[in-house]
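Asks: Next input, structure requested:
(chains A and B)
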Amino acid sequence: MRDFSYLRATSADDAQKAALQAGAVLLAGGTTLLDLAKCGVTEPETVVDITHLSSLDGIAVDEGGATIGALARMSEVADHREIKAAFPAVSESLSLAASAQLRNMATMGGNLLQRTRCSYFREPGVFAACNKRNPGSGCSAIGGVTRNHAILGTSDACIATYPGDLAVALVAFDATVEIGSRRVPVDDFFLLPGNTPDRETVLEKGDIITAISIPASAAARNSTYLKVRDRQSYEFAAASAAVGLEFEADGRTVRDIRVALGGVATKPWRARAVEQALVGKALDAETVEKASSLAMEGAVSQGGNHYKIELAPRVITRAIEQLGLKVGGLA
Amino acid sequence: MTIMPPRKHGDASDGVVGGRQTRFEGSLKVTGAATYALEYPVENVAHAVLVQSTIPAGRVLNVNAETARAAPGVLLVLTPEDDLGFTVASDWGGNRPENQPYYPLPRHVQFNGQPIVAIVAENREQAFEAAKLVSITYEEAPHVASLDDPNAGEGKLMGNLVFNWGDAEAALAAAPVQIEGTYSTPREYHVAMEPHGLTVKWDGDQITVWEPSQWSHGMARTYSEWFDIPYENVRLISPFIGGGFGSKGAALAHGAVAAFAARKLGRPVKLALTRPQNFTNYGGRAATRQTIRLGATEDGILQAIVHRGASETSTYADWPEQTGAATPILYKVENFSSEHRVVPVNTVTPGALRGPGKNPSSFGIESAMEELAYKLGMDPLELRLKNYADHDYQSGKPWSTRRLREALTEGAEAFGWSRRSHAPRSMRDGRTLIGWGIGCGTFPVLQAPSEALIRVLANGRVEVVSGAIDMGQGTYTVLAQTAAEVFGIPVDQVEVHLGDSRLPGSAIAGGSMLAGSILGAVHKAATAARDELIGLALNDENSPLRDTGANTLTFSEGRIAVPRGEGPSLSLPELMAALGRDEIETRRNTLPDGASAQEHHQAWTTMAKVQGPTMGEYSMHSWCAHFAEVRVDEDFGTVRVSRIVSAFDCGRLYNPRMVESQWRGGIIMGIGQALLEEGLVDMRNGRTVNNNMGDYLVPTNADVPDIQVISVGVPDYGASALGGKGVGEVGIVGVAPAIANAVFHATGKRVRDLPITLEKLI
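Replies: Prediction:
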């Protein structure tokens, strides 16, 4: 880690000005920044500390939805009574992420920006080729150990998996990221790698995420986040699904359903094809299973991650079944 | 001769051998007062970091380090151009080739991640930044990435690992029931909480090394040989270590580099390996592969075992991970054949990792036995009991003690095995399949000579002094208990000094041999000190006990008195005051009387005097039987261990609390081995890519189920002076097959290659 200067921002405006400097990065919870600095991926010249900007750490929930400050801690949001009631999938996605220690440190804004666990991205001294780190240098992961790599949204330039859980729940419920006065839907906030995997979000130099807002919905209120992994705790998802479900008055027919996938794609992955196949339908096991498999359209196996193509639809199916059983819509 | 009256193990009489004394040094550890190697405050220390190879095989053509040398804070850059002047040190047996040069920063690259260049700077961050500026040009050579590499070949047959008796092939061919399976285990790593590293300081030609060590004397010898200085000039200090699991028994290349740099610079040097470097700078458990064929009668009597195994090793040293280590001794078998090969690949030389050999070996034979049981339609417990080995069929010797039958039956009882339903996939809870499995384990009793010093002070405190190591297994505690018992004093009146090569010599903290070895020496020295006190108390003219007419004295509850309690009694300080003595010191060892100084040195610094399990008239081993319950999600393939009952025969337990902790630790490590642990090697360049604790997974608390451990052992005075057998290694042995067998029972899928990750079950 090279020497860097440390700057403590006195306001959001101040932080934004500081962040515009070349080589400046923001410090919130620091759980990703420190990690990436240690493995040599990030080499900041200036670290702009925003942790004490109390205007950015509120959590407000009303009938219309929730607005969560970018500096709210993962653990605070996960345990927030009204968030748990109105957005169970969001709360669960946070509780199932990282470890208790990290959740106590890490912030909501920082969580969105955590970077991939791709081993090839994280070891610059050994694997020089990485288009995400060094545009145009190639991709070391393709043809390597790919057990944890993405099957959806990949390109010839990059197959790195978006590692987070929270954003998967957010994208399912049409949350928006507030960047000062700009509001960007989470689905648009994250970019597909294409030929520019170094560009992971729409954030421009100097931009600061100020809040995340999630509109209330019946589907969000009846939602769950299901995370499948080999280790019981403290592991990234082999596959995960955020699902929300609302029935018509008959209690059987789907009025609204939201499905998003984690652990399998290069960005938080909204599975709209699955949703469209189920809206207006009465749920039964076969219908759900068939619809879930639509999420794998366009999936590309790298060999080591082939199992995800099998696994991910099963995770969707189980999540829908669990919700359906809960509200009595699945026989 | 019985040295002490037999005591029921597990007796909760706190403070003496066999009691559940809490961890002697525990408060130091939980308050942060225990100082670990890299925490010693050493003034004016410089920091070294390593630049590693990024190719798996080849030759360094050029190192361009000019910009690194000019970088801020850089004091020294060492490259393969520099002659460090080392010659190869002795191996563990004490054998040393003559004048064979040793290059810790070699020109010939043997594996990806090999240290090639070292940078020393004023601080560690400067050294790391300078390291990034080094550019190395290589001439690459073809490489073999792993045991699975198509170019790996079948390897070299290890002549000392070929075992045959009876006619295994013929008996197998004639057997009405046969099974065959190929079982493999991946490259596994120690991932001790404390990474490797050291601080080195020279004073003239005297060197002090603060380095985590499982063997202070053996490692001190290596440093003395590298630098061609007298053994006495080396002091290696390691009173506390944060886990070793077999990785901290030898001095390593980075130690040689740091020590050289410190001498060259004339100032202390600290070198702390990064976590990823803990995956490249010393070897974990070698990947293994073994094929087992079993032949049996229709009623399940084993007729033959044929075993063919292989493990990877490096291209420059043969380290066999003996896949046939447990195979010959677990069951009664009249026809047996086993061979083990080593396959050179471009890796750092593998090393010992908890339960070396026995561990993968048990995975093979214990999986195969259950495959046979299912083929026979027989309860796997019944099959094991039916083929119980009444003696050691390999050596032909009787067991010293073997309570594996009791481990199986008492373990089964505690587990509720009789409620098992035989058919695979016959137990479920909704979408969760439930399965039960058994795995047996064993580890040999090893013994090594050891020495200890006892000092009785005027204030009544007793000091136990030894160079032995406590890596968490409880050496401090059991040595305090031993001295407390001999002197009849509370444990808190004892002080224990360990972990320093200047202190009396000791067995390595490895191979489960330390407690049995060092307790013998401590007991002998303490008894000698007590006898000396008795002699003085009965004869010294100032002693109140002189005229009691007694010919011996009792030491009990802090008082020294004549037997039967008549006459005066004194506390230890009172007696020392009466005798006018400042201290009484005795030093004893367990070498034969009249051993030469050279034999002493050899005994403490090499493995040459280690006694194997069948060197005497008996065959001596620890034994265990694990019973595992797993819950497998049938859609996701995820396996959770929900319950484990393990019964152990480890002889007498010196401290059941410490022992149970070791057993549990071994079992938890076994869960990781069964379900999670695997070094993932990039075949293109031989690099282990998941070289950190975020990607190389070990169990978290949430993965650890209720674990019940049961002791079924009896004191084994053939195995050690105080009746114990080894406890540290055996706990992990048999856990992985128990879980794999349970997964088969749950799912009907036999997974023969560890770890059992979800993609193997969906």
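Asks: Go ahead and confirm B:Ala48 touches B:Phe260.
Replies: No: counting by C-beta atoms under 8 Å, B:Ala48 sits too far from B:Phe260 to count as a contact (9.6 Å). Where you see a C-beta, it was placed from the backbone N, CA and C, and this is true even at glycine.
Asks: These two: which is more packed in?
Replies: B:Ala48 (29 against 24; other C-beta atoms under 10 Å in any protein chain shown).
Asks: residues in contact with the closest residue to that one other than its chain neighbours?
Replies: Computed as C-beta to C-beta, 6 or more residues apart in numbering or on different chains, the closest residue to B:Ala48 that is not its neighbour in sequence is B:Leu271, at 4.2 Å. Contact analysis of B:Leu271 by C-beta atoms under 8 Å, 6 or more residues apart in numbering or on different chains lists B:His47, B:Ala48, B:Val49, B:Leu50, B:Gly197, B:Leu198, B:Thr199, B:His254, B:Gly255, B:Val257, B:Ala258.
Asks: State whether the last one is indeed within a helix.
Replies: Yes: the assignment for B:Ala258, made by DSSP: H, G, I helix; E, B strand; the rest coil, places it in a helix.
Asks: Neighbours of it, how many?
Replies: 28.
Asks: For chain A, see how far away it is.
Replies: 20 Å (C-beta to the nearest C-beta, to the nearest Å).
Asks: Nearest residue to that residue in space, please, no chain neighbours.
Replies: Closest to B:Ala258 by C-beta to C-beta, 6+ apart is B:Leu271, at 4.0 Å.
Asks: tell me the pLDDT at that neighbour?
Replies: Among the per-residue scores, B:Leu271 shows a pLDDT of 98.
Asks: On the three-state scheme, it is what?
Replies: Taking three-state DSSP, the label given to B:Leu271 is strand.
Asks: What residues sit buried inside the lengthiest helix in chain B?
Replies: In chain B, assigned by DSSP state H, the helix with the most residues is helix B:514-539. Residues of helix B:514-539 classed as buried by neighbour count (16 or more other C-beta atoms under 10 Å in any protein chain shown): B:514-530, B:532-534, B:536-538.
Asks: could you pick out which of those are near chain A?
Replies: Contacts with chain A are made by none of the buried residues of helix B:514-539, judged by C-beta under 8 Å from any C-beta of the partner chain.
Asks: give me the residue from chain A nearest chain B.
Replies: A:Tyr307 (3.4 Å; C-beta to the nearest C-beta).
Asks: on that earlier part again, TSV for the contacts of B:Leu271, including secondary structure and pLDDT?
Replies: As requested, the contacts of B:Leu271 are exported to TSV (DSSP: H, G, I helix; E, B strand; the rest coil; pLDDT from 0 to 100):
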residue	secondary structure	pLDDT
B:His47	strand	98
B:Ala48	strand	98
B:Val49	strand	98
B:Leu50	strand	98
B:Gly197	strand	98
B:Leu198	strand	98
B:Thr199	strand	98
B:His254	helix	98
B:Gly255	helix	98
B:Val257	helix	98
B:Ala258	helix	98
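Asks: Which single one of those residues is nearest to B:Val641?
Replies: B:Gly197 (33.4 Å; C-beta to C-beta).
Asks: how many other residues sit next to residue 299?
Replies: Since you didn't name a chain, this refers to chain A. 19.
Asks: oops, chain B please
Replies: B:Asp299 has 11 nearby residues by other C-beta under 10 Å.
Asks: can you tell me how far it sits from B:Leu376?
Replies: 8 Å (C-beta to C-beta, to the nearest Å).
Asks: What of B:Gln322?
Replies: From B:Gln322 to B:Leu376 the distance is 28 Å (C-beta to C-beta).
Asks: So between the two, which is more surrounded?
Replies: B:Gln322 (24 against 19).
Asks: Quick one: residues contacting that one.
Replies: With the criterion set at C-beta under 8 Å, 6+ apart, B:Gln322 makes contact with B:Leu161, B:Gly309, B:Ser311, B:His340, B:Pro356, B:Gly357, B:Lys358, B:Ser361.
Asks: Kindly report the same for B:Met576.
Replies: B:Val456, B:Leu457, B:Ala458, B:Asn459, B:Gly460, B:Asp582, B:Glu583, B:Ile584.
Asks: what does B:Tyr393 give?
Replies: Here B:Tyr393 is in contact with B:Trp165, B:Pro328, B:Ile329, B:Lys332, B:Val333, B:Glu334, B:Phe336 (C-beta under 8 Å, 6+ apart).
Asks: which of those lies closest to B:Ile241?
Replies: Of the contacts of B:Tyr393, the one sitting nearest to B:Ile241 (C-beta to C-beta) turns out to be B:Ile329, at 31.3 Å.
Asks: pLDDT value on that closest one, please?
Replies: 98.
Asks: Which strand or helix spans it?
Replies: If you go by DSSP states H and E, B:Ile329 is not part of any helix or strand.
Asks: tally of neighbours for it?
Replies: When neighbours are counted by other C-beta under 10 Å, B:Ile329 comes out with 25.
Asks: For the stretch 201-350 of chain B, which residues are neighbours of chain A?
Replies: So the stretch 201-350 of chain B meets chain A at B:Pro276 (C-beta under 8 Å from any C-beta).
Asks: Pick out the residue of the stretch 201-350 of chain B closest to chain A.
Replies: B:Pro276 (7.5 Å).
Asks: Enumerate every residue touching that residue.
Replies: Contacts of B:Pro276 by C-beta under 8 Å, 6+ apart are A:Glu123, B:Asn691, B:Asn692.
Asks: Please report which of those residues has the highest neighbour count.
Replies: B:Asn691 (23 neighbours).
Asks: I'd assumed B:Asn281 was in contact with that one.
Replies: No: using C-beta under 8 Å, B:Asn691 is not in contact with B:Asn281, being 10.8 Å away.
Asks: thinking again about what came up before, from the contacts of B:Gln322, which would you call buried?
Replies: Judged by 16+ other C-beta under 10 Å, buried ones among the contacts of B:Gln322: B:Leu161, B:Gly309, B:Ser311, B:His340, B:Pro356, B:Gly357, B:Lys358, B:Ser361.
Asks: Tell me if I'm right that the last one and B:Gly324 touch.
Replies: Yes: under the criterion of C-beta under 8 Å, B:Ser361 makes contact with B:Gly324 at 6.0 Å.
Asks: Tally up the residues packed near the nearest residue to B:Ala746 once chain neighbours are set aside, please.
Replies: Leaving aside its sequence neighbours, B:Ala746 sits nearest to B:Gly435 (C-beta to C-beta, 6+ apart; 2.8 Å). As a burial measure, B:Gly435 scores 26 neighbours (other C-beta under 10 Å).
Asks: give me the element B:Gly435 is part of.
Replies: strand B:432-444.
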